[in-house]
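Enquirer: Provided below are the primary sequence and the corresponding predicted coordinates.
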Amino acid sequence: MTFSPRCYTCDQEARFGALPPREKIAFDDHWRVAHAIDTALPGWLVLVPRRHVTTVAALNDTEAFTLGLWQVRLSRALRETTACLKTYVAQFSERRGFGHVHFHIVPRASDLPREFRGPGVFGLLGRTGADAVPFDTMNELAAKLGDIL
């Protein structure tokens with residue numbers, strides 16, 4: 001696989017065998033699913049290509065074909081584990097150190113406050129300390145999702 005230095009996702013992929021459950025909830029030859037870091041929302045998933053890719057246009061045909069399948073499977077698994085009303089799917093890859101293409105698969109609960117609906121959901125990212133989902137919770141959710149997937 002092709003990795004890039006100074007890329008968080010590539011750094012994680014390079015140590016794949018040592019990753020905790022929250023960083024490899026499910027995977028195949030082309031994609032890996034991780035729980036988002038620094039989020040206040042349990043179940044916020046990130047779908048990442050297992051090789052370094054910085055634009056959607058650079059995905060190969062197999063990655064492109066399986067992308068939709070992964071997004072639907074993850075949405076269904078989140079509905080089953082979190083009872084979410086729907087999922088949001090977004091892709092930007094603009095933050096420094098996170099230029100590697102990645103897709104946010106975000107559970108949207110029926111009781112999510114209005115200010116966090118739609119693009120406002122990104123207000124729940126970038127949380128630290130007591131505001132962030134604990135690693136133990138991420139790992140427990142990873143096990144449940146892994147069983148479904």
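Expert: Sure, I can see it.
Enquirer: mind listing the strands for the chain?
Expert: 26-27, 31-35, 45-49, 86-90, 103-108 (DSSP state E).
Enquirer: how about these in TSV, adding distance to Arg96 and mean neighbour count?
Expert: Heads up, the C-betas are built off the backbone N, CA and C, glycines and all. As requested, the strands of the chain are exported to TSV (distance: least, CB to CB, whole Å; neighbours: other CB atoms under 10 Å):
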stretch	distance to Arg96	mean neighbour count
strand 26-27	25	20
strand 31-35	19	23
strand 45-49	16	25
strand 86-90	18	16
strand 103-108	17	22
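Enquirer: so which of the ones you listed comes closest to Asp147?
Expert: strand 26-27 (10.1 Å; CB to CB).
Enquirer: Show me what the closest one is packed up against.
Expert: On a contact count with 3 or more CB pairs under 8 Å, 6 or more residues apart in numbering; DSSP states H and E, strand 26-27 meets strand 31-35.
Enquirer: which outside residues touch the strand it packs on?
Expert: Defining contact as CB atoms under 8 Å, 6 or more residues apart in numbering, one finds that strand 31-35 is touched by 12-13, 16, 22-27, 43-50, 63, 66-67, 70, 74, 133, 138, 141-142, 145, 149.
Enquirer: mean confidence for that strand?
Expert: Strand 31-35 comes out with an average pLDDT of 97.
Enquirer: next one: stretch 14-28
Expert: Rounded mean pLDDT across stretch 14-28 is 94.
Enquirer: what residues does stretch 134-146 touch?
Expert: Stretch 134-146 is contacted from outside by 20-22, 25-26, 33, 35, 42-43, 45, 74, 77-78, 81, using CB under 8 Å, 6+ apart.
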